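J.: Attaching a predicted model along with its sequence, questions to come.
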Amino acid sequence: MAAAEPSRTAAEIATQPSCWRRARQEAETVPGLPRPGERVAVVGCGTSWFMAQAYAALREAAGQGHTDAYAASEFPAGRRYDRMVAITRSGTTTEVLDLLAAVRDGAAGTATTALTADAGTPVASAADELVTLAYADEESVVQTRFATTALALLRAGLELHGKPAAGVKSVTDAAVDAELAVTQPLPAALAAAVQWTFLGRGWTCGLAAEAALKMREAAGAWTESYPAMEYRHGPMAITGPGRAVWHFGELPEGLAADVGRVGGHLSAGSTARGLDPMADLVRAQRLAVAVAEAKGYDPDRPRNLTRSVVLR
């Protein structure tokens, strides 16, 4: 019996290493990436917001300037920045377009840059600078490669202006790790769990939030995400046999013992496995697809979701 064809989502997940390498090359010439010393806001919705969180923490850790991340709908009116970077795969997300319009009308001196997959959409005229990652566009409703490629591009922009923050790999090295992440078998205990909690510290908090979102979107799974040191302050109560904890980055001291004491399964931090945390996110994407298929769901057609949220 012939093996079933992989879902479109799974096929797109597998292309991420090459997408990241291309982003690293293009970072040297694309317009509008933040420069050292600029005060920067990074905005998006859903997955894009979580990539914004990761980048904001990376940029500040690299010493390149004050950087905040916001859900586009929650940007504080009247706050001023030198540059706003908006991430929107579709280029049609209402909250992002409304925010860019508001900045253009009322925030003199704020330059705007949009990262999108489709240059032929309204965001092209809403931002001062447009960066198009058409090669990372997706047919899938659930975002995978566009989001990580946008983050890879922004990470590469940091590399061009200085060294990455301590302990952070280059985008080139992250792509090497991603080659492993798309092929290594997933632990059976992870796929068999009934609940997953994703944890991170610093820039990987955004990755943890995104991993949890992928599991909810693709598999309708019970997932949560927290900063790792907050996990013991209540959320640990849900951990137990048949439930998994996945940590991005280096494990905080004592976390493994705490998870083991209550009977949960711990997926060791990505640092312990030698993987860049962004490559570890690829593994989480693969887990979301595997859990969805085990439930009989089609990851290419997630329940209750559309590819873009357009409110009018």
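T.: Perfect, I can see it now.
J.: State the helix or strand in which residue 164 lies.
T.: Using DSSP states H and E, residue 164 falls within no helix or strand.
J.: Same check on residue 28?
T.: Assessed by DSSP H and E, residue 28 sits outside every helix and strand.
J.: number of nearby residues for the closest residue in space to it that isn't next to it in sequence?
T.: Among residues not flanking residue 28 along the chain, residue 160 sits closest, at 6.5 Å (C-beta to C-beta, 6 or more residues apart in numbering). Yep, even glycine has a C-beta here, placed from its N, CA and C like the rest. Counted with other C-beta atoms under 10 Å, the neighbours of residue 160 add up to 12.
J.: Quick check: residue 160 vs residue 64, distance?
T.: Distance, residue 160 to residue 64, by C-beta to C-beta, to the nearest Å: 10 Å.
J.: Residue 99 too?
T.: 23 Å.
J.: These two - which one has more neighbours?
T.: For residue 99 versus residue 64, the count of surrounding residues by other C-beta under 10 Å is larger for residue 99: 25 against 20.
J.: The more buried one contacts residue 41, correct?
T.: No: assessed by C-beta atoms under 8 Å, residue 99 is found out of contact with residue 41, at 9.5 Å.
J.: Mutual contacts of those two, please.
T.: Contact criterion C-beta atoms under 8 Å, 6 or more residues apart in numbering; residues shared by residue 99 and residue 41: 75, 84.
J.: sorry, back to before: identify the residues contacting the residue nearest to residue 28.
T.: 27-28, 33.
J.: Can you flag the buried ones in these?
T.: 27, 33 (16 or more other C-beta atoms under 10 Å).
J.: can you give me the helices in this protein?
T.: For the chain, the helices defined by DSSP state H occupy 8-13, 16-26, 47-61, 94-106, 123-126, 145-160, 171-181, 188-192, 204-219, 255-261, 277-294.
J.: got the ones you listed as CSV, with distance to residue 69 columns?
T.: Putting these into CSV (distance: least, C-beta to C-beta, whole Å) gives the following:
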stretch, distance to residue 69
helix 8-13, 24
helix 16-26, 19
helix 47-61, 4
helix 94-106, 13
helix 123-126, 18
helix 145-160, 11
helix 171-181, 19
helix 188-192, 28
helix 204-219, 8
helix 255-261, 25
helix 277-294, 16
